[in-house]
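Engineer: Can you look at this prediction? I've put the sequence above it.
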Amino acid sequence: MPQLVIHNREEDWEIELGHRTRIGRVLENDVCLQDVNISRYHAEIIYTDGGYLFKDMESSNGSYIKDLRITERPLANGDTVRVGKTTLTFIEDLTDTTPAGLVRIASNPISERAIQDRMKVGVESVFTPANLISDDMNWREDYEKLRLGNELLQHVGLQHDLAGTLENITGKLLEIFPADRCAILLLDSETDKLAPMAVKVLPGVPKHMSISESILEEVHRTHSALFVADVAADERFSQSASILVQGLHSVLCAPIIYNNHFFGVIHLDSQKSAMVFSRKDLQLITSLVAHVATIIANTKLLQSIEQEAKEKVQLERLLPPSVMQKISSGELKLEKKGGKLKEITILFADIRGFTNMAHYASATDVVEMLNEYFELVVSIVFQYGGTVDKFIGDEVMVLFDALTDVECPADRAVKCAFHMHGALDLFNRERKSRGEKPIEIGVGINTGDAVVGVIGSSQAMQYTCIGDTVNIAARLTSMAEPKQTIISEETFKNMKQKPKHSKLPQVTLKGIDRPAQLYSVWEQITDTTRHDCV
């Protein structure tokens with residue numbers, strides 16, 4: 001249903017609009033505003049066949065849209081009406097039914113007198129020691145806590161999906177407590193703010209919730225569960241509690257704490273009566289949040305283990321077994337964030353004529369061919385201590401000396417390229433015997449400084465490198481003919497064993513302020529001196 005967002009200097013909240021919504025200063029109104037500039041019965045919003053209509057009830061100080069006094073006005077999405085010191089914004093589009101769309105944290109102050117009871121969570125045991133139990137009632141209460149806690153654990157179970165877990169928890173809590181709505185908010189580690197993660201609402205109850213920021217802050221600060229009631233319904237108090245103007249009468253809010261770590265809060269509310277919750281409910285929620293915290297902690301742990309397993313499988317595909325063994329043993333660690341400047345050698349290998357090959361072959365044949373090719377190439381890369389950075393279509397990017405300090409990284413990269421060309425000659429004999437076109441690659445190699453580290457988001461990270469050194473290696477690859485390896489002058493200078501080579505005409509490359517000297521190299525060692533590079 002459409003919504004009315006109410007904002008003044010002290011607080012803000014929202015209500016769902018029915019067929020008739022009355023606005024004024026006295027309690028009989030649907031929106032009660034404590035402002036001397038507002039009449040007792042100030043205005044109303046009526047649903048008609050054509051939409052919603054705002055109608056001023058001949059108030060003393062009037063109603064305004066953009067400083068223009070109105071008596072009657074059809075409302076469009078986003079229209080804001082000013083009455084006294086309060087603004088009323090009409091929101092027609094409520095299509096966002098995600099927890100973030102259903103829950104709004106509002107700056108509604110809650111006075112201390114509205115807090116009927118509170119109870120500490122996560123410090124003292126909620127169960128009475130056996131030697132202190134004086135009557136059967138204590139046994140019954142503790143048994144009920146255990147029974148419902150066990151029921152909650154069985155109902156929810158251990159799931160891989162945190163969102164599904166939280167949704168099941170909210171549903172079960174509405175069965176246990178006399179509430180109309182339940183929301184679970186978890187602390188976002190990046191923003192350090194509570195974010196709605198799951199919402200459950202009973203049929204016939206407005207789905208959109210406004211949760212008091214004051215209550216959330218109090219629960220977080222004190223690690224205590226709170227029972228907040230509509231004190232304005234009590235004749236002893238004035239008609240000023242903001243919980244009433246939200247259409248609420250009772251709120252039960254408790255922190256989710258595990259090993260003294262604050263995960264978030266459970267928020268239950270009711271529109272039935274001020275005393276729908278009791279001290280027994282407060283005691284029960286402090287017991288159940290411990291079970292909820294355990295479920296959330298275990299779900300997060302399961303997700304973490306699964307993510308680590310996926311990352312390990314991915315690393316095993318990209319890293320040499322010797323490097324993977326060091327990571328698994330803890331001898332080598334991949335930092336989750338940040339990078340460092342390091343001199344590395346980068347190799348790109350690209351299939352020549354791949355676009356034409358793919359055009360005349362089926363998608364299945366292309367994928368099968370690439371998988372065979374990459375299987376061969378990766379096995380060779382690992383033999384020379386290289387790290388597969390990524391696959392880019394038919395191209396593979398390989399790093400040497402990025403993760404571990406290997407001897408002669410430039411030599412290893414060049415010899416790796418020679419091995420690739422040689423292995424493809426044998427590979428192509430089999431392809432030709434099957435009537436398939438041969439695969440020939442062009443290789444580019446460059447050496448220089450690059451920023452090496454983990455790049456990406458918390459959901460998808462990759463160990464890679466960035467910088468001009470990478471870009472130059474990629475450009476050399478695009479220049480290479482089939483079966484050709486082109487290396488930069490920096491790579492040539494860094495090689496301990498010089499291969500057979502020829503100087504290419506100097507070229508101007510983007511990112512280099514002077515003409516670059518390149519070399520075409522092939523497998524024939526001219527220096528017969530032994531080196532332990534590979």
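Structural biologist: Perfect, thanks for sending it.
Engineer: which residue ranges form the strands in the stretch 151-300 of the chain?
Structural biologist: Using DSSP state E, counting those that start in this stretch, the strands of the stretch 151-300 of the chain run over 181-188, 193-201, 209-212, 224-229, 250-258, 261-270.
Engineer: Output the ones you listed in a markdown table, with distance to residue 480 and mean neighbour count appended to each entry.
Structural biologist: Heads up, the C-betas are built off the backbone N, CA and C, glycines and all. Output for these, formatted as a markdown table (distance: least, C-beta to C-beta, whole Å; neighbours: other C-beta atoms under 10 Å):
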| stretch | distance to residue 480 | mean neighbour count |
| --- | --- | --- |
| strand 181-188 | 48 | 22 |
| strand 193-201 | 51 | 20 |
| strand 209-212 | 62 | 25 |
| strand 224-229 | 68 | 24 |
| strand 250-258 | 57 | 24 |
| strand 261-270 | 55 | 23 |
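Engineer: Residue 478: which of these is closest?
Structural biologist: strand 181-188 (43.6 Å; C-beta to C-beta).
Engineer: List the contacts of that closest one.
Structural biologist: Contacts with strand 181-188, where a contact means C-beta atoms under 8 Å, 6 or more residues apart in numbering, come from 99, 102-103, 166, 169-171, 173-174, 193-202, 205, 207, 209, 211, 216, 256, 262-270, 292, 296.
Engineer: Give me the longest strand you can find in the chain.
Structural biologist: Longest strand of the chain, by residue count under DSSP state E: strand 441-456.
Engineer: tell me which strands and helices that strand is in contact with?
Structural biologist: strand 339-351, helix 409-433, strand 461-466, helix 468-479, strand 485-488, helix 489-494 (3 or more C-beta pairs under 8 Å, 6 or more residues apart in numbering; DSSP states H and E).
Engineer: For the fifth one, give me every contacting residue.
Structural biologist: The contact list for strand 485-488, computed with C-beta under 8 Å, 6+ apart, reads 414, 417-418, 421, 442-448, 472-473, 476-477, 479-480, 504, 516-522.
Engineer: ok so, going back, between the helices and strands packed on strand 441-456, which shows the greatest average number of neighbours?
Structural biologist: Burial of the helices and strands packed on strand 441-456 is given as mean neighbour count (mean count of other C-beta atoms under 10 Å); strand 485-488 ranks first at a mean of 28.
Engineer: Check the offset of that one from the chain's centre.
Structural biologist: 42 Å (C-alpha atoms, centre = their mean, to the nearest Å).
Engineer: List the neighbouring strands of that strand plus their orientation.
Structural biologist: strand 441-456 (parallel), strand 518-525 (antiparallel) (DSSP bridges).
Engineer: With respect to residue 88, which of those lies nearest?
Structural biologist: Comparing these under C-beta to C-beta, the one sitting nearest is strand 441-456, at 44.6 Å.
Engineer: Okay, buried residues for the closest one please.
Structural biologist: Residues of strand 441-456 classed as buried: 441-448, 450-453 (neighbour count, 16 or more other C-beta atoms under 10 Å).
Engineer: Let me know the angle separating it from strand 339-351.
Structural biologist: 150 degrees (axes from the mean of the first three to the mean of the last three C-alpha atoms, to 10 degrees).
Engineer: Against residue 257, how distant is the spatially closest residue to residue 445 that is not a sequence neighbour?
Structural biologist: Nearest non-adjacent residue to residue 445, counting by C-beta to C-beta, 6 or more residues apart in numbering: residue 487, 4.4 Å away. Going from residue 487 to residue 257 by C-beta to C-beta, to the nearest Å gives 60 Å.
Engineer: cool, and residue 179?
Structural biologist: Residue 179 is 21 Å from residue 257, by C-beta to C-beta.
Engineer: What helix or strand is residue 97 located in?
Structural biologist: Using DSSP states H and E, residue 97 falls within no helix or strand.
Engineer: What is the neighbour count of it?
Structural biologist: With neighbours defined by other C-beta atoms under 10 Å, the count for residue 97 comes to 11.
Engineer: Extract the C-alpha set from the helix or strand containing residue 116 and format it as CSV.
Structural biologist: Here residue 116 sits within strand 115-120, counting by DSSP H and E. Below are the C-alpha coordinates for strand 115-120, written out as CSV (Å, rounded to 0.1, in the frame of the first residue of the first chain):
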residue,chain,number,x,y,z
ILE,A,115,11.2,1.2,28.6
GLN,A,116,9.1,-1.1,30.8
ASP,A,117,11.8,-3.7,31.5
ARG,A,118,15.3,-4.7,30.4
MET,A,119,17.5,-7.7,30.8
LYS,A,120,21.2,-8.3,30.2
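Engineer: now stretch 381-393, how far from the centre of its chain.
Structural biologist: The answer for stretch 381-393 is 30 Å, by C-alpha atoms, centre = their mean.
Engineer: What residues of it count as buried?
Structural biologist: 381-382, 384-389.
Engineer: first vs last residue of it, how far apart are they?
Structural biologist: With C-alpha to C-alpha, to the nearest Å applied, stretch 381-393 spans 18 Å between its terminal residues.
Engineer: How about the contacts made by residue 53?
Structural biologist: Residues near residue 53 by C-beta under 8 Å, 6+ apart: 45-47, 72-75.
Engineer: do the same with residue 395
Structural biologist: 348-351, 477.
Engineer: Could you dump those residues into a markdown table and include pLDDT and distance to residue 8?
Structural biologist: Output for the contacts of residue 395, formatted as a markdown table (pLDDT from 0 to 100; distance: C-beta to C-beta, whole Å):
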| residue | pLDDT | distance to residue 8 |
| --- | --- | --- |
| 348 | 96 | 63 |
| 349 | 96 | 67 |
| 350 | 94 | 65 |
| 351 | 94 | 67 |
| 477 | 94 | 65 |
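Engineer: which of those residues lies closest to residue 433?
Structural biologist: residue 351 (19.7 Å).
Engineer: Any idea what that closest one is bridged to?
Structural biologist: residue 441.
Engineer: That one touches residue 373, doesn't it?
Structural biologist: Yes - applying C-beta atoms under 8 Å, one finds residue 351 in contact with residue 373, separated by 7.3 Å.
Engineer: what touches both of those two?
Structural biologist: Taking C-beta under 8 Å, 6+ apart as the criterion, residue 351 and residue 373 both touch 394, 439.
Engineer: What number of residues are in the vicinity of residue 98?
Structural biologist: 11.
Engineer: Next up, phi/psi of it, please.
Structural biologist: Torsion angles at residue 98 (phi, psi; degrees, to the nearest 10) stand at phi -70, psi 160.
Engineer: could you show me where the helices are in this protein, in order?
Structural biologist: Using DSSP state H, the helices of the chain run over residues 99-102, 136-156, 162-176, 213-222, 242-245, 279-318, 321-329, 354-359, 363-383, 409-433, 468-479, 489-494.
Engineer: Among those, show the one with the smallest mean pLDDT.
Structural biologist: If the helices of the chain are sorted by mean pLDDT, helix 242-245 sits at the bottom with a mean of 46.
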